[in-house]
Structures are given as C-alpha cells and as structure tokens.
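> sequence and computational prediction follow.
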Amino acid sequence: MVVLRGKCVVVGDSTVGKSSVCQVFHSDGSHFPKNYTMTTSVELLVKPVTIPDTRDTVELYIYDSAGKEIFSEYIQSFWQHPSAIMVVYDVTSETSFTSCAKWLNRVMSQKPEVHIPGVVVANKTDLDQRRIISPKMGKDFASQNGLEYFECSAKELQNVDAPFYYLANEFHKLYHNRVEVLKTLS
Ligand SMILES: Nc1nc2c(ncn2[C@@H]2O[C@H](COP(=O)(O)OP(=O)(O)OP(=O)(O)O)[C@@H](O)[C@H]2O)c(=O)[nH]1
Ligand SMILES: [Mg+2]
C-alpha cells in the first residue's frame with residue numbers, strides 16, 4: 001500500500017468555474033457555490049483518490065488559483081514543483097478558451113523536472129444554447145498540447161470527478177514506472 005502526494009495546479013481565466021469545479025469534487029457533489037466569490041490567491045484543497053485495482057491512494061493537493069490578471073504574478077510563487085495541471089475554460093467564452101495557452105505556458109515555466117500529466121476542462125456545458133467553443137476545438141487544443149480533454153458542468157454536477165481521477169491515475173502510473181526503473185538498477 002502506497003500513499004502518494006500529487007500537486008494539482010488549477011488555472012484558467014476568472015469566472016470560468018475553477019473554484020466551483022474544485023469544490024464540487026472536494027465535497028463529493030454536495031457543494032456548488034451558487035454565489036460567485038472571487039479567488040484572490042491560491043486555495044488549497046486536499047482530497048484522497050483511491051487507485052482502482054490497487055490498495056494505493058493518491059492524495060491530490062489541489063491548488064485552486066485566482067484567474068484575475070491582477071493576482072497573476074503573486075500566485076505563480078505557489079506553483080513550484082507541480083505534479084499535474086488542470087486548465088479550465090468556459091464553453092460560452094471565447095476569451096477564456098484562447099487564454100488556455102497563456103495559462104499553460106505560465107505553469108510550464110515552473111519547469112517541472114519530469115513530464116507531468118495535464119487536462120483541459122471545458123466547463124459550463126449546461127449553457128448549451130450559449131455555447132461558442134465546440135468539443136472539437138477543445139479536443140484539438142488538448143491534443144496539440146499533449147493534454148487530455150474533459151467536459152463538465154459544475155452546476156449540474158456532471159463529470160466533475162473524471163479529470164481529477166484521470167490525473168491521480170496518471171500520477172500513480174508515473175510513480176510506478178519510476179519504481180520499475182529503479183528496480184532494474186538495483
Ligand atoms: N451555468 C454554470 N455556471 C457555473 C458553472 N460553474 C461555475 N459557474 C458559475 O460561474 C461563476 C464563477 O465561478 P467560480 O468557480 O467562482 O469561478 P473561478 O474560475 O473560480 O473564478 P476566479 O476565482 O475569479 O478565478 C459563479 O457564479 C458560478 O456559480 C457551471 O458549470 N455552469
Ligand atoms: Mg475561484
């Protein structure tokens with residue numbers, strides 16, 4: 001049995017729903033914050049994820065980061081040594097989608113020592129009538145950047161867990177691959 005700690009940095013423009021996604025996941029779907037409270041720094045949420053078919057657990061340390069540009073320099077100091085990245089956009093906002101590349105670059109400028117898993121999360125799929133960014137656009141961006149694509153609605157509690165489970169599993173795989181390499185050296 002192994003317990004691993006993974007640091008998951010969550011970024012994206014303001015109001016795309018980062019805090020909502022994180023809080024819905026953290027509370028097992030019991031807490032969707034109806035009123036908007038701007039994140040002004042980085043909020044840390046910790047949640048254990050059990051890895052299927054093992055007795056291992058990945059404790060996800062979720063760094064829910066402020067999206068407002070005014071805080072951007074300050075919050076980057078919290079992102080050192082990331083183990084996973086989540087970039088979130090709002091499917092009704094073109095600006096939030098085009099900003100994803102910027103957020104990704106900012107986290108990657110922390111120069112993680114190893115390849116880290118990452119996901120692109122298209123949130124607010126419940127606002128279907130106002131949707132501007134198609135699944136194909138999101139998927140293309142994700143694959144161009146070596147990331148996995150997910151869609152969710154924090155409001156409707158739909159598919160919010162999937163990207164976090166994916167990251168926890170990928171992080172666990174990376175750990176096991178390293179252990180196997182070390183075994184061959186001993
Ligand atoms: N319709 C809809 N609204 C959502 C959804 N997720 C979040 N919201 C709303 O979007 C607004 C912003 O949500 P937050 O989670 O605070 O956004 P944020 O990305 O954390 O914003 P910053 O902290 O400023 O970076 C709130 O009013 C939420 O209720 C969703 O899936 N669907
Ligand atoms: Mg927030």
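Cool, the structure landed. Ligands and ions are numbered 1, 2, ... in the order given.

> which residue ranges of the chain form helices?
In the chain, the segments counted as helices under DSSP state H are 18-26, 72-75, 94-98, 100-108, 135-144, 161-185.

> mind putting these into TSV with mean neighbour count, distance to S41 and mean pLDDT?
The C-beta positions use only the backbone N, C-alpha and C, and glycine is treated the same way. As requested, the helices of the chain are exported to TSV (neighbours: other C-beta atoms under 10 Å; distance: least, C-beta to C-beta, whole Å; pLDDT from 0 to 100):
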stretch	mean neighbour count	distance to S41	mean pLDDT
helix 18-26	24	12	98
helix 72-75	14	6	94
helix 94-98	17	20	98
helix 100-108	18	16	96
helix 135-144	15	27	98
helix 161-185	15	21	91
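
> of all these, which one is nearest ligand 1?
Comparing the helices of the chain against ligand 1 with C-beta to the nearest ligand atom, the closest turns out to be helix 18-26 (3.4 Å).

> do you know how far V42 is from P82?
Counting by C-beta to C-beta, to the nearest Å, the gap from V42 to P82 is 12 Å.

> L167 now?
Noted for L167: a distance of 11 Å to P82, by C-beta to C-beta.

> H26 now?
Separation of H26 from P82 (C-beta to C-beta) stands at 18 Å.
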